[in-house]
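1. Just the structure for this:
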Amino acid sequence: MAQINLENLPAKVVEIVTDLAKDFKPIVDKIENTKIKTTQNNYGQYMGFISKMSHNDKATMVIVGLALIKAGANYNGVKSAWDALR
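-> Residues are numbered from 1 along each chain as shown. I've put the predicted structure just below:
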């Protein structure tokens, strides 16, 4: 699991990311245990989830993505999803 550095973020953002990570853990586990051959690192599933949760707000996309990674999501999959959504 890739580690993310949250220490440069405001305390409230770290708290939100941490709380969301706890809520997202079952979703991340399901995604990581369901390998889809056509989307490397499950980026397609992460892209759909990030888009749905953020309503395409760029700052919210970052928070949701960080929470997914903190919950154990594949870093490269989340990064690819972020790149595709920009």
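2. Just the mean pLDDT for stretch 57-68, thanks.
-> Here stretch 57-68 scores 96 as its mean pLDDT.
3. Contacts for it, please.
-> 4, 6, 13, 16-18, 20-21, 23-24, 28, 46, 49-51, 53-54, 78-79, 81-82, 85-86 (C-beta atoms under 8 Å, 6 or more residues apart in numbering). Just so you know, the C-beta spots here come from the backbone N, C-alpha and C atoms, and that holds for glycine as well.
4. next one: stretch 27-43
-> 44-46, 49, 68, 71-74, 76-78, 80-81, 84.
5. Can you turn the buried part of the contacts of stretch 57-68 into a PyMOL selection?
-> Selection of the buried residues among these in PyMOL, burial being defined by 16 or more other C-beta atoms under 10 Å:
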select buried, resi 4+16+17+20+21+24+28+46+49+50+53+54+78+79+81+82
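6. Show me the contacts of stretch 57-68 that map onto helices.
-> 13, 16-18, 20-21, 23-24, 28, 46, 49-51, 53-54, 78-79, 81-82, 85 (DSSP state H).
7. Show me which residues of stretch 65-77 are buried.
-> Here stretch 65-77 shows 65-75, 77 as buried, counting by 16+ other C-beta under 10 Å.
8. Ok, stretch 29-42 next?
-> So for stretch 29-42, counting by 16+ other C-beta under 10 Å, buried means 31-32, 39, 41-42.
9. now those in TSV, with distance to residue 58, secondary structure and pLDDT?
-> Output for the buried residues of stretch 29-42, formatted as TSV (distance: C-beta to C-beta, whole Å; DSSP: H, G, I helix; E, B strand; the rest coil; pLDDT from 0 to 100):
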residue	distance to residue 58	secondary structure	pLDDT
31	22	helix	94
32	25	helix	93
39	22	coil	82
41	21	helix	92
42	21	helix	93
